[in-house]
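Student: curious how this folds, go ahead:
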Amino acid sequence: MGVEKVGDRLFITIPRRRYGIISTLNYINLDRDSHQLSPALKPYPNYSTSRSLTSVYRTRADSCGRLWMVDTGMIEIPDNRQQVQPPAIVVFDLNRDRQILRYPFKSTDIPSANTPTGLASITVDITNDDCENAFAYVPDLTTYGLIVYSLKQNDSWRLSHNFFSFNPTAGNLNIAGLRFQWSDGIFSLTLVPGAGNCKTAYFHPLIGTQEFSVSTCVLQNRTAVSDPNYWSFFSLLGDRGEGSQATMHDYHPASRVLFIAEVGRDAVSCWNTAEPLVSTNIAILAQDSQRLSYPADLHVTGNDVWVIANSLPRFGYSRLDTNSYNFYIYR
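Tutor: As a prediction, the model looks like this:
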């Protein structure tokens, strides 16, 4: 489901949505394994430690040598979901390959028993290169909220806004020859430069084609919701166009370009953020109904864009063809 390059390692996640998942957080050593076709995944940091993680969707590394993720704590076997441990933010020290934080979410962060199924991504925000002054933003696509975590305070709070929900007119999908309807809300949040110490967070629901923004200073203010103008702090940036439902997106600072993993069009696209966000300013960079079916994760690392596609609709509504490749990682 998730892919991220850190140094010579490529981290790959497998949420526990079926029986037989040995490890949810894994890696490939690019120096040793990149020449192989379908190299074996190695549990991170090792098999024994990896068993402490139940189910991870996506990871994000920060500039301080740490790997952040949400462990949903849930085994999502169809008709037999089990919450085996509380959902939590987990952080690993990549230099020592050991876990340094496990922060279980508070009851006020998790309004429903099915909320953990929607904690599928995380974005890390570090202010002024102060590794202790870090925030994590965790979208909740299932019950439509945003959880903010402060490392310095070791505390979290939940925000609500109508922009976190889905657009019902964009819920009909036709992917890999399968027609279905989803209602996933806020899915991806990425950071772009803002004013002063504030950054601007761009975010969108999966089911929708619009992009929204808010200052990170609003997100980091736990009392912002009590401001009578709170709702007006969020803005609509524009609309990417019909069929552009997207999972993850990420920003490349040098070019001011936003890269987008579009599930609606089996594509990777981009938008120059210096231009208005309208459909004619969205460029499709790569498109393939087979090999880019459901691009599930996209991350900018330096001047590279990493993407994983995983044929998720076939996995959920049909059956994967084990005689064909179903998972692709691109740089």
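Student: what are the bridge partners for residue 75, then?
Tutor: residue 82 (DSSP bridges).
Student: that one contacts residue 24, correct?
Tutor: No. Assessed by CB atoms under 8 Å, residue 75 is found out of contact with residue 24, at 9.9 Å. Just so you know, the C-beta spots here come from the backbone N, C-alpha and C atoms, and that holds for glycine as well.
Student: joint contacts of the two?
Tutor: Each of 16, 54, 55 lies in contact with both residue 75 and residue 24 under the rule CB atoms under 8 Å, 6 or more residues apart in numbering.
Student: looking at these, which one is closest to residue 122?
Tutor: Closest approach between these and residue 122, by CB to CB: residue 55, at 13.6 Å.
Student: out of residue 75 and residue 24, name the residue with the larger neighbour count.
Tutor: residue 24 (24 against 19; other CB atoms under 10 Å).
Student: using a markdown table, lay out the shared contacts of residue 75 and residue 24 together with pLDDT.
Tutor: Formatted as a markdown table, the shared contacts of residue 75 and residue 24 follow (pLDDT from 0 to 100):
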| residue | pLDDT |
| --- | --- |
| 16 | 96 |
| 54 | 98 |
| 55 | 98 |
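Student: of these - the most surrounded one?
Tutor: residue 55 (26 neighbours).
Student: how much space between that residue and residue 62?
Tutor: Taking CB to CB, to the nearest Å as the measure, residue 55 falls 22 Å from residue 62.
Student: do the same with residue 127
Tutor: From residue 127 to residue 62 the distance is 12 Å (CB to CB).
Student: any shared contact partners between the two?
Tutor: In contact with both residue 127 and residue 62: residue 134, using CB under 8 Å, 6+ apart.
Student: next, count neighbours for the closest residue to residue 210 other than its chain neighbours.
Tutor: The shortest distance from residue 210 to any non-neighbouring residue, by CB to CB, 6 or more residues apart in numbering, is to residue 239 (5.0 Å). The local packing of residue 239 (other CB under 10 Å) involves 16 other residues.
Student: how close does residue 231 sit to residue 291?
Tutor: 42 Å.
Student: show me which of those two is the more surrounded one.
Tutor: residue 291 (15 against 12).
Student: pretty sure that one contacts residue 309?
Tutor: Yes. Taking contacts as CB under 8 Å, residue 291 lies within contact range of residue 309: 6.6 Å.
Student: next one: residue 316 from residue 244, what distance?
Tutor: When residue 316 is compared with residue 244 (using CB to CB), they lie 21 Å apart.
Student: show me which of the two is the more surrounded one.
Tutor: A count of neighbours by other CB under 10 Å puts residue 244 above the other of residue 316 and residue 244, at 23 against 12.
Student: how about the more buried one, nearest residue that isn't a chain neighbour?
Tutor: residue 209 (4.7 Å).
Student: tell me the phi and psi of the one you found?
Tutor: phi -120, psi 10 (degrees, to the nearest 10).
Student: now do the contacts for it.
Tutor: 167, 170, 239, 240, 241, 242, 243, 244, 245, 264.
Student: tell me who's in contact with the residue nearest to residue 210.
Tutor: Contacts of residue 239 by CB under 8 Å, 6+ apart are 209, 210, 211, 277, 278, 279.
Student: the third one: how many residues sit nearby?
Tutor: Residue crowding around residue 211 was assessed by other CB under 10 Å; the count is 25.
Student: what strands line up against the host helix or strand of it, and which way round?
Tutor: Here residue 211 sits within strand 210-215, counting by DSSP states H and E. If you go by DSSP bridges, strand 210-215 pairs up with strand 199-205 (antiparallel), strand 235-239 (antiparallel).
Student: okay, the ones you listed in JSON lines with distance to residue 102 and mean pLDDT next?
Tutor: As requested, the strands paired with strand 210-215 are exported to JSON lines (distance: least, CB to CB, whole Å; pLDDT from 0 to 100):
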{"stretch": "strand 199-205", "distance to residue 102": "25", "mean pLDDT": "98"}
{"stretch": "strand 235-239", "distance to residue 102": "35", "mean pLDDT": "98"}
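Student: out of the ones you listed, indicate the one that is most buried.
Tutor: A comparison of the strands paired with strand 210-215 by mean neighbour count, using mean count of other CB atoms under 10 Å, puts strand 199-205 on top with a mean of 24.
Student: re the thing from before, any idea how far the residue nearest to residue 244 lies from residue 8?
Tutor: 37 Å.
Student: and for residue 176?
Tutor: Using CB to CB, we find residue 176 at a distance of 33 Å from residue 8.
Student: and these two? which has more neighbours close in?
Tutor: Higher neighbour count among residue 176 and residue 8: residue 176, with 17 against 13, using other CB under 10 Å.
Student: how about the contacts made by that one?
Tutor: 289, 293, 294, 311, 313, 314, 318.
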